[in-house]
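[1] Below: sequence and its predicted model.
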Amino acid sequence: MAGEVEVEIVPMGTFIERIRAGGAGIGGFYTPTGIGTVVAEGKEERTINGKRYLLEMPLTADFAFIKAYKADTMGNLIYRGSARNFNPMMATAARVTIADVEEIVEAGELDPEAIITPGIFVDRIVKGPKYDPDGLD
C-alpha cells in the first residue's frame, strides 16, 4: 500500500521460462501468453508472422533455496517427483544456490544418468529432514 513493494502478474509458464532464460543468459524472448490482459501492460509487443507477442525479460536472483532428494559432496543433485519441475532452473539462475537435501553421499556414488543439476550450479548443501508424504515421521 505504501508503494514499497512492486508486484508483477506473470503466468506460471512464462515465469519459469523467464527464470530459464536468466539461467541460460538469454536476453529475453517473445510469447503470445498475456496478450490483451493485465500481463501485457507496459511490455513491448511485436507482431511476428501475423501473430502478436509480448517481450518477456529474463529473471535472475541473488539466492535460490531449492529442494532436492539427494546430493553428492560435489553438489550434484537428484530430484524426486514434482521437485524436478522448477528447482533445476532456479539453480541455474541464481548467483548463490543453496540445496536442501535428504541425503548426502560421496562423490561418484550417484548414477550420472540420474543427475539433473550439476554441482557447478550449487554453492551450499544442507541436509534436512526426510520427506514423509504421509506425515508419519
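    Cool, got the structure. Residues are numbered from 1 along each chain as shown.

[2] Domain-wise, how is the chain divided?
    Under the assignment automatic domain parsing, the domains of the chain span 12-56, 61-127.

[3] need these in JSON lines with mean pLDDT and distance to Met1, can you?
    In short, each C-beta sits where N, CA and C put it, glycine included. As requested, the domains of the chain are exported to JSON lines (pLDDT from 0 to 100; distance: least, C-beta to C-beta, whole Å):
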{"stretch": "domain 12-56", "mean pLDDT": "96", "distance to Met1": "19"}
{"stretch": "domain 61-127", "mean pLDDT": "97", "distance to Met1": "25"}
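
[4] Which of those domains has the highest mean neighbour count?
    Among these, the stretch with the highest mean neighbour count (mean count of other C-beta atoms under 10 Å) is domain 61-127, at a mean of 17.

[5] quick one: that one to chain centroid distance?
    From the chain centre to the centre of domain 61-127 is a distance of 12 Å (C-alpha atoms, centre = their mean, to the nearest Å).

[6] Likewise for stretch 37-44?
    23 Å.

[7] which outside residues touch it?
    With contact meaning C-beta atoms under 8 Å, 6 or more residues apart in numbering, stretch 37-44 is reached by Ile9, Val10, Pro11, Thr14, Thr33, Gly34, Leu54, Leu55, Glu56.

[8] same check, this time on stretch 122-133
    Contacts of stretch 122-133 (C-beta under 8 Å, 6+ apart): 67, 69, 71, 73, 75-77, 80, 91, 96-104, 137.
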